[in-house]
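Novice: Give me a 3D structure for the following:
(2 chains)
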Amino acid sequence: MGDYYDPDDLKKFGAIGQHAKTLAEAFFRYYGEATGADGALTRREKALIALALAHAQRCPYCIDAYTTACLEAGASPEQMMEAVHVAAAMQAGITLVHAVQMHNHLEKLVV
Amino acid sequence: MSATVLRPSQRVGAPPDFAATLQVHALRVVPQAVDTLQVNITRRCNQVCRHCHVDASPARDEMMSPTTMQACLDVLARHDAMRALDVTGGAPELHPQFEWFVARAHALGKRVMVRHNLTVQLDGDPRSGVSKSHLPEFFARHGVGVICSLPYHQAGLTDAQRGAGVFAKSLEALRRLNAVGYGREGSGLLLHLVYNPVGPYLPPPQAALEADYRRELGRRYGIVFNRLYTITNMPVNRFRQHLEKSGQYARYLEKLATAFNPAAAAAVMCRTLISVGWDGAVYDCDFNQMAGLVARDREGRVLRVEDFDLSRVLGREIRFDAHCFGCAAGAGSSCGGATT
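Specialist: Numbering: from 1, shown residues only, chains lettered A, B, ... in the order given. Model prediction:
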């Protein structure tokens, strides 16, 4: 288990191009443009979104990287924690809204 | 996974070499002028900050002698083009001849800047107990540009780096500076704040962060200031030791090197500034001073303020080391903030 999620492995991310160079280049270009520059959203807003998603998807590489990216974009720890709460609340909401499906099915089953 | 971290060309390898990186980018960084004389008059400080590249603390005894201070003033007097004196430390206000030095430089018609940690106003001299509460009036009387450390606009990150209670004391010191006119439009009394990261990461964009500071400090505490300077932490002395102890040194250097920006490298401050140590030796900057990289002329002779010769100083080769990546990373860094 010690070999999973080694922080130094993130440096090897570029190696995903080893067997699919063109696709990797297209991805990294897209990724850089989508996350790394101010656009309609600021770089800080994008970093906070990415931090929230990193938690929702439980990616330790991304959590480390976007904790740093948020600080480098000037976000405060309070803003970062609120972003994680948004992710957590959304995940709870996504679970709970499926109860409507359960209710719908209950109504069909229970006479 | 920031865009920087994802850079496909990134490779794990030997420690980065700044001089070689300049060569790769066909950049030649040489002295151009000496606009600013930066003088580090003492390593004593009332604080013990985690990131301090000077290793400053109340226990330090290094103090520039009055003779060496006079030599600095003589150099300023002889060179009209040397328009600014930048006084730093430690907490320079703890030097017994600090006020005489500032007053003399001001009388010479120089623009005087003081690197002020704010808390010394309230703490006073940690060894003698002498009060420093008169500093705002003293600064104002001599038209000193005050450059104040405040690593964030909130208490948590500020106190983590500079010590418990520092943020509250800094706010009080800023209020006192504002009260005598500092940071207020039309007063001519300049109050600049300095942000530096509270760890091994790069500063945010300076303009956006300045807007945050202005909004938060104004709205919450009624504090005004002129400019915010973002300064990158240099891996020298105490900060380097912290990085090494926590296993982050190599990664931080790699981060700085990966973020190398040729435009920032071409704008480094050592082209137009020199730094004088407490013992009179000349350095390319305060970071080289703390790294012990004394400046030498073309013949290899150590440059000193007592026998200052501008042509020898301008003829020197700037000395580079790994920490120089800090000034060339991202938007660049200098004692006047971002450089690009």
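Novice: buried set for stretch B:267-279?
Specialist: Residues of stretch B:267-279 classed as buried: B:267, B:268, B:269, B:270, B:271, B:273, B:274, B:275, B:276, B:277, B:278 (neighbour count, 16 or more other Cβ atoms under 10 Å in any protein chain shown). Where C-beta positions appear, they are placed from N, C-alpha and C, glycine not excepted.
Novice: give me phi/psi at the second one?
Specialist: Dihedral pair for residue B:268: phi -60, psi 150, per degrees, to the nearest 10.
Novice: Hmm, it is touching residue B:339, no?
Specialist: Yes - between residue B:268 and residue B:339 there is a contact under Cβ atoms under 8 Å: 7.1 Å.
Novice: which residues do those two both contact?
Specialist: Any residue near both residue B:268 and residue B:339 by Cβ atoms under 8 Å, 6 or more residues apart in numbering or on different chains counts here, and that gives B:327, B:332.
Novice: for chain A, which helix is longest?
Specialist: As assigned by DSSP state H, the longest helix anywhere in chain A is helix A:77-97.
Novice: any idea which helix or strand comes after that helix?
Specialist: Where DSSP states H and E defines the elements, the next helix or strand beyond helix A:77-97 is helix A:99-109.
Novice: could you pull out the strands for the stretch 101-250 of chain B?
Specialist: Counting by DSSP state E, counting those that start in this stretch, the stretch 101-250 of chain B has strands at residues B:111-116, B:145-149, B:191-195, B:227-230.
Novice: Make JSON lines out of those and add distance to residue B:206.
Specialist: Formatted as JSON lines, the strands of the stretch 101-250 of chain B follow (distance: least, Cβ to Cβ, whole Å):
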{"stretch": "strand B:111-116", "distance to residue B:206": "18"}
{"stretch": "strand B:145-149", "distance to residue B:206": "14"}
{"stretch": "strand B:191-195", "distance to residue B:206": "8"}
{"stretch": "strand B:227-230", "distance to residue B:206": "4"}
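Novice: List the residues that contact residue B:151.
Specialist: Contacts of residue B:151 (Cβ under 8 Å, 6+ apart): B:157, B:158, B:161, B:162, B:194, B:195, B:196, B:197, B:198.
Novice: typo on my end, it should be residue A:18
Specialist: Per Cβ under 8 Å, 6+ apart, neighbours of residue A:18: none.
Novice: Spell out whether the longest helix anywhere in chain B and chain A are in contact.
Specialist: Longest helix in chain B by number of residues (criterion: DSSP H): helix B:206-221. Yes - contact of helix B:206-221 with chain A (Cβ under 8 Å from any Cβ of the partner chain) involves B:208, B:209, B:212.
Novice: for that helix, what is the average pLDDT?
Specialist: For helix B:206-221, mean pLDDT is 97.
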